[in-house]
Each structure stands twice: as C-alpha cells, then as structure tokens.
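Visitor: would you be able to build a 3D model of this:
(one chain, ligands or ions: 2)
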Amino acid sequence: SEILLEVNGLKKYFPISGGFFGRKQGEIKAVDDVSFFVKRGETLGIVGESGCGKSTTGRLLMRLIEASDGSVIFEDQAITKMSKPELRKIRRDIQMVFQDPYASLNPRHSVEKILEEPLIVHGIGNKEERKRRVKEMLEVVGLSSYHAKRYPHQFSGGQRQRIGIARALMTKPKLIIADEPVSALDVSIQAQVLNLMKDIQKEFQLTYIFIAHDLGVVRQISDRVGVMYLGRLVELADSEELYENPLHPYTKALLSAVPVPDPDLKKETVLIAGDIPSPANPPSGCAFHTRCSERMDICKTTRPADHIVNGHYVSCHLYNG
Ligand code: SF4
Ligand code: MG
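Guide: Ligands and ions are numbered 1, 2, ... in the order given. Predicted structure coming up:
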C-alpha cells in the first residue's frame, strides 16, 4: 500500500515519582494522543520546540521505549504488539540517525567495526560480504574505504554524521527516523548533509521521518510537515501549504519567529510570548492557550477536536464548525 507507517492514538506518559517510597506523584504526558501516517518514499518532517515530544515520538515508533497506549503499524504489522524476535527482525527495516554522532558512535571502534555491527547483529552476510558493503556505503556517503580503519575522533562533525548515515543504511532499511540529524553541525555543513540525505533517499527509495526544531531545515527536506506542541500534534499539511498557509496559531508564531536572512522581505518577527509550560502540569483545554494571541473562552476548558481543512490537519477551536 501507499502507506508505510501508521500511528494511531500514540501516548507516552512518564510517571513522576517522589517522596519516601517513590510513590507516583503524577505523570508527564510526553506524547499525548498523536496520530499520523507516513507515505512510502516521502519525508515527513516533525517540528516543535524542545520538550514537545518529537524525539519521544521517534523512539516510540521503533519501540526503543514502550508506548503507554496507541498503535504503530509498519507495513500492516503492529510494531506495538510484536514479540522481541519479531521486533529485532523489523529493526532491519527501520533505522535511526541521531543528533550527536559523537555520542552515538563508539569511540573505541574503527569505522569498519561500527558499520559492520548492524550486519552482525542481524546475521547478514559473511565477513567478505560485510567488508564489501562497508566499502560501498562509505562511498555512498562521500567517504572512501581509506577511512574504514580510522576512529570517530579522526573525523569532523559532518563526516561523523556521514558515518552515522552509512551505519543506518547498512541493513538496507525502508524507513529512517532522523532525530535532529544536522542540528549539531555548522550551517554550511548542514546543507551538505541534507543534500546527501536527499540523494540517498532517491537512490535507495527510502522513507524519512525527519525530526527537528528548526523549521527552515525541515522545510528543505520534507514533503509534509507535522507540528507538535506539548506532546500533541497541532497541525499537519503538505510542506508548501504549511509554510505558505499555516492555520494553527502556534505554527504561525513559530514561522514568524524564523529569522529572515533577506531584510528586504521586511517580515515581521514575532517571538512567541511566554515560556513553554511544564509538561508535568500542562494547561487545561488547548495546551497552547497560555501563549495564544487568539484564545477564546472555550480554549481554557476544552481540548480542541481535530479538523481537516482542504486536506490540511489542524487542532484548534478557531476551525470549529
Ligand atoms: Fe489558540 Fe484556542 Fe486555537 Fe488553542 S484552540 S490555538 S488557544 S485559538
Ligand atoms: Mg529532542
């Protein structure tokens, strides 16, 4: 089918414990009833400020952490219901790229060993085939077999992220979940890594979920974009549509807060008023109501329903009936 991944009512509540006996004191609703799908071959961007639950969502999809509720369906199989062996198998098809290649690459292992590891874990190929694939993937990401015997500290940040991408490609996955893959890199290097990701996507028919806080970066690579706020998906639309015609007041505020390099555009810069509320004590009703310039009485009491306006998803009372 055209849909590769489907997420329904996904929730992750973390208990907050304290007191003498570590009794449960409440919970953080890190991901609170999130639903979306990802089409085969597309890039779905997920944006939001830090603490909005976007990274937790990424980890839930692969079951690096367990969901409190909801389902994740990959190629018609429920990841959320899989046994450990089934899960191990599906992880060949879904790989992650992390923000910090420094932290995600073992400093004591050579690049060759780092890249071989996923193949060994999944029992793919013999030694010779593994070495051939290491060489092949190093070339795909713009490095060479010459680099195979080197260690992570001998590379620049951008090169290290190329190694992280090569590692993700080793098992020939269908889906790559990239969590802030270029956020730690200089702007000029960011563009190179984004272009590399786009080239690789075409070459290997990959589907991406691209998680980032930077709307400009997300726009460069995404076909559709979802916006998260305090554990909720507040808006999702085709990339063009979202950036040209944002519907949710939070998205509008985020977009107008993006620095504009061309002063001739004279775009208004409106910073979002107020801090992000604590996810341990989220506002009632619409979670954005404490910062929203368009809030109405109903916003404080009632969680907005989902609305689809011309194929554009938004969760906000402004679009009621
Ligand atoms: Fe603003 Fe109300 Fe819409 Fe929330 S539901 S974003 S508070 S207008
Ligand atoms: Mg994060």
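Visitor: so Val309 touches Gly321, yeah?
Guide: No. Counting by CB atoms under 8 Å, Val309 sits too far from Gly321 to count as a contact (11.9 Å). Every residue, glycine included, has its C-beta placed from N, CA and C.
Visitor: name the residue in those two with the higher neighbour count.
Guide: Ranked by neighbour count (other CB atoms under 10 Å), Val309 and Gly321 place Val309 first, with 11 against 4.
Visitor: with adjacent residues omitted, what lies nearest to that one?
Guide: In this structure, Val309 finds its nearest non-sequential neighbour in Tyr319, 5.9 Å apart by CB to CB, 6 or more residues apart in numbering.
Visitor: residues touching that neighbour, list them.
Guide: By CB atoms under 8 Å, 6 or more residues apart in numbering, the contact set of Tyr319 is Leu247, His307, Val309.
Visitor: please redo it, this time with the cut-off set to 10 Å
Guide: Leu247, His248, Pro304, Ala305, Asp306, His307, Ile308, Val309, His312 (CB atoms under 10 Å, 6 or more residues apart in numbering).
Visitor: residue contacts, Cys292?
Guide: Going by CB under 10 Å, 6+ apart, Cys292 touches 248-250, 252-253, 272-274, 283, 286, 299, 316-318.
Visitor: can you check Glu139 too?
Guide: With the criterion set at CB under 10 Å, 6+ apart, Glu139 makes contact with Ser145, Ala166.
Visitor: centre of the chain to the helix or strand where it lies, how far?
Guide: Under the criterion of DSSP states H and E, Glu139 resides in helix 127-140. Here the centre of helix 127-140 is set off from its chain's centre by 27 Å, with CA atoms, centre = their mean, to the nearest Å.
Visitor: coming back round to it: the contacts of Cys292 in strands, which ones?
Guide: Members of those lying in strands (criterion: DSSP state E): none.
Visitor: near ligand 1, list only the ones from the residues you listed.
Guide: His248, Pro249, Cys286, Cys299, Cys316, His317, Leu318 (CB under 6 Å from any ligand atom).
Visitor: need phi/psi at the first one.
Guide: When read as degrees, to the nearest 10, the backbone of His248 gives phi -80, psi 130.
Visitor: next one: the fifth one
Guide: Main-chain torsions, Cys316, degrees, to the nearest 10: phi -160, psi 140.
Visitor: residues contacting it?
Guide: Contacts of Cys316 by CB under 10 Å, 6+ apart are 234-235, 247-251, 286, 288, 292, 294, 299, 304-307.
Visitor: of the residues you listed, grab the buried ones for ChimeraX.
Guide: Selection of the buried residues among these in ChimeraX, burial being defined by 16 or more other CB atoms under 10 Å:
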select :234,235,247,248,249,250,251,286,288,292,299,304,307
